[in-house]
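[1] My questions concern the predicted model and sequence given below.
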Amino acid sequence: MSDTVNNIEYDDGFEEFFEKVKSIPQYDYEKIEKAYILARDAHKNQRRRSGEPYIMHPVAVAKILFKFGMDNECIIGALLHDVVEDTEYDIEYIKNEFGAEIALLVDGVTKLGQIPLSTREEVQAENIRKMFIAMNEDIRVIIIKLCDRLHNMRTLEHMPEYKQREKSLETLEIYAPIAHRLGIRPIKEELEDLAIFYLDPIAYKEIEKNLSMKKELGEKFLSEIKQQISDKITPAMDNVQIYSRVKSVHGIFRKVYIKGKNFEQIFDIYAVRIIVDSMIDCYNALGIVHDMFKPIPGRFKDYISMPKPNNYQSLHTTVLSPSGIPFEIQIRTWEMHRIAEFGIAAHWKYKLGKGGKDSMDNRLEWVHRILEVGNETEMPEELVANIKGDLSIDEIYVFTPRGDVKPLPKGATVIDFAYAIHSAVGNKMVGAKVNGKIVNLDYKVKTGEIVEILTSNQQGKGPSRDWLNIVTTGESRSKIRAWFKKEKRDENIVQGKAEIEREFRRNFIRLDNEQYAQFIKKIAERQHFAELDDFYAAVGYGGIQITRLMPGIKDEYNRNWKPKDIVPPKPVISSDDSSSKNTNGVVVEGIDNCLIKMARCCSPIPGEPIIGFINRGTGLTIHRRDCVNVPVDVALSPEPDRWIKAHWDSSVKVEARSTIDVYAIDRDGVVLDITTKMATAHVKIYSINARPINDGNCLTTMTISVNSKEHLEAVLKLIRKIDGVYHIERSGS
């Protein structure tokens, strides 16, 4: 249907798509149309960054899923996938109108809502964890999500540059590897190419230029090679199809810019694919092409007898043409080809509208492993890092002594191999043999090696903490920590206390015993630990890395806990009603000869209503009258006599420090813009700290020098003009 926005008419593409849907009996077109009508109404006032009606996005996602032959529920789920997240409709409404199955798909794709998460890493980690839990229930969740991400990447030019880079990096590290694991090659390659286009446009254009220069030559070369192969193979077997392809931009990028090869050193830029009827025909075809062309040593891979974890099967061999041009030949059956192109989507029983979950359990074992790792990980940044590592596209295949194959990410050690077999094998490991020879525990295994794990049943034997610095997979790290968490709690508490004290000493954090206990308790509560010992234990077994928390801890210490180097004299209360002036420009009623300091919690400045509080043995502290630590009615406070009237002396000009929190959209240069504004206005900055927070935003906390309330308001007005700044708070507000 069409829609007009700003005098521009847009066609959302549904009518043409709907005609195709109605031509296939397995689809419930009435229910699909009902979902479209709901989505169109729900998104009627929403526009994409391009200015197009928002409904064009869910329709585009549904069309991609339809192309992959996904089922009725998937198409409906795609049309509704943003309704719960972006409109007034909730998941219960979707469940009542379309059923529990579609509600599960929509909820699985929906990002987390109003959950108080403090950093972008926490938001990303919890959204990914939620997505994997939903995948574990129904794998169609991730298939919808991949198509959603694909259309977003296709239209990414309308987003700000920082968002383009952020989304592209996430696509390259999370979504493209998931598509690879599921074997959905077209989505994987397009996601990778689009991500490189935004992350490294110069390299992308250089690769495109090299490919275009070779295009005419390549097309002629591949046409001749296909004809030569056809002339030899067609007489020997029936129903043979021969195709050709040029390597994807990302595939070339990895080899040229990551592995350091020259463009001319890439042997599989050109590839020929031979599709035959049977497995026997695959090996017969291999014999024919090896007889025709000279094979390059070490470039033959048999993925038929040893399939990849995503069930990919094919014979790969690289050969030299008579003119000396290297090219790859892939040989597979029609069934293998269907799986190679569409992966898990090819196995989906969309004709029946059933998931066939039991038949896919083995192929989705990696989803269960990632969930297991996530459940053992307290640090959100580490969960994301583990997922990125475990989804690595670079894989190796290692054998057990009995001939079983274990896939591992490239760079995995013998310890990773042991934990890939079973937790008990890893926990009891004392050594390893590779191809019959003893190796060190940090030995990195390679494809084709036979690895034997040596174990011990000795009581009390278990992994070493040093292994956490050796292993590379999140699964291994999770299982090692789980062992320490369960078996060594007392030891973990001692270890955790020692690590915290060591980090505090290294960062010059000094507190007396009472303050130290309060300070640690506050840190533990921020990490969602009710008991201090649980926090110490988590640090001890590695679930919490105290070094990653230190920037925030230091900031909190410096702002609110750092003691003064001098001990001030006790205040002397005069017997008369005289008032005294202080060099800070503060007039205190009834006190003479007293050291006065400004409260860190609210940082009062000249011109603001203030009040004093007598600290036993440490002088007088001046607070803003509206500070959160000042009672509304002083007379009703527990110790009203300790609150003293005070005001600013208008005849004295003083500089005061004020701490402010600046919330802004996280983009390159935002902190530089803030400091430049301060320099232009001749405002002194005593300290500044910036960090990312949730949903692509950042928080910049800084302490500045101002001479009055009016001066501060002028400074805040300047900061508000900075692009991306949307909120400013003062400490104590």
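    That came through, no problem.
[2] quick one: the strands in the stretch 601-733 of the chain?
    Per DSSP state E, counting those that start in this stretch, the stretch 601-733 of the chain has strands spanning 610-615, 619-624, 643-648, 656-665, 685-692, 697-706, 725-730. These are given in chain order.
[3] Pull the residues that contact the fifth one.
    In other words, strand 685-692. Strand 685-692 is contacted from outside by 119-121, 551-552, 555, 558, 657, 666, 670-671, 674-675, 678, 698-705, using C-beta atoms under 8 Å, 6 or more residues apart in numbering. The way it works is simple: take the backbone N, C-alpha and C, and place the C-beta from them, glycine included.
[4] What residues sit buried inside it?
    Judged by neighbour count using 16 or more other C-beta atoms under 10 Å, the buried positions of strand 685-692 are 689, 690.
[5] Quickly run through the sheet partners of that strand, with directions.
    Applying DSSP bridges to the sheet, strand 685-692 is found paired with strand 697-706 (antiparallel).
[6] I would like the residues contacting the strand it pairs with, please.
    120, 555, 603, 605, 655-666, 670-671, 674, 678, 683-693, 712, 715.
[7] For ChimeraX, write the selection for the buried entries among these.
    The following ChimeraX command selects only the buried members of the contacts of strand 697-706, with burial defined by 16+ other C-beta under 10 Å:
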select :120,603,605,656,657,658,659,660,662,664,665,666,670,671,674,678,683,689,690,693,712,715
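[8] on that earlier part again, with mean pLDDT and distance to residue 206 as extra columns, can I get the strands of the stretch 601-733 of the chain in JSON lines?
    Formatted as JSON lines, the entries for those read as follows, by pLDDT from 0 to 100; distance: least, C-beta to C-beta, whole Å:
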{"stretch": "strand 610-615", "mean pLDDT": "83", "distance to residue 206": "63"}
{"stretch": "strand 619-624", "mean pLDDT": "82", "distance to residue 206": "59"}
{"stretch": "strand 643-648", "mean pLDDT": "84", "distance to residue 206": "64"}
{"stretch": "strand 656-665", "mean pLDDT": "83", "distance to residue 206": "32"}
{"stretch": "strand 685-692", "mean pLDDT": "83", "distance to residue 206": "32"}
{"stretch": "strand 697-706", "mean pLDDT": "85", "distance to residue 206": "33"}
{"stretch": "strand 725-730", "mean pLDDT": "82", "distance to residue 206": "37"}
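[9] got those strands as CSV, with distance to residue 400 columns?
    As requested, these are exported to CSV (distance: least, C-beta to C-beta, whole Å):
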stretch, distance to residue 400
strand 610-615, 69
strand 619-624, 69
strand 643-648, 75
strand 656-665, 51
strand 685-692, 43
strand 697-706, 48
strand 725-730, 56
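[10] quick one, which of those is nearest to residue 52?
    Between residue 52 and the strands of the stretch 601-733 of the chain, the shortest separation by C-beta to C-beta is 22.5 Å, and it involves strand 656-665.
[11] coming back round to it: out of the strands of the stretch 601-733 of the chain, which comes closest to residue 466?
    Within the strands of the stretch 601-733 of the chain, the stretch nearest residue 466 is strand 685-692; the backing value is 31.0 Å (C-beta to C-beta).
[12] Residues touching the strand or helix carrying residue 57, excluding its own?
    For residue 57, the host element (DSSP states H and E) is helix 56-67. Residues external to helix 56-67 that are found in contact with it (C-beta under 8 Å, 6+ apart): 10, 12-14, 17, 20-21, 36, 39, 43, 48, 74-75, 78-82, 143-144, 147-148, 150-152, 155.
[13] again, only using 6 Å
    With C-beta atoms under 6 Å, 6 or more residues apart in numbering as the test, helix 56-67 has contacts from 12, 13, 14, 17, 39, 74, 75, 78, 79, 147, 148, 151.
[14] most surrounded residue in those?
    Within the contacts of helix 56-67, most neighbours by other C-beta atoms under 10 Å means residue 78, with 33 neighbours.
[15] so who does that one touch?
    Counting by C-beta under 6 Å, 6+ apart, residue 78 touches 61, 62, 65, 144.
[16] farthest pair in those residues?
    Spatial extent of those (C-beta to C-beta) is set by the pair 62 and 144 at 9.2 Å.
[17] Between those two, which is the more surrounded one?
    residue 62 (31 against 27).
[18] so how far is residue 190 from the more buried one?
    Here the criterion is C-beta to C-beta, to the nearest Å. By it, residue 62 lies 17 Å from residue 190.
[19] do residue 478 as well
    In this structure, residue 478 lies at 32 Å from residue 190, with C-beta to C-beta as the measure.
[20] next one: stretch 453-472 to chain centre, how far?
    The gap between the average C-alpha position of stretch 453-472 and the chain average comes to 30 Å, counting by C-alpha atoms, centre = their mean, to the nearest Å.
[21] Quick check: the gap between residue 137 and residue 667.
    According to C-beta to C-beta, residue 137 and residue 667 sit 37 Å apart.
[22] out of these two, which sits in the busier spot?
    Set side by side, residue 137 and residue 667 give different neighbour counts by other C-beta under 10 Å, the larger being at residue 667 (19 against 14).
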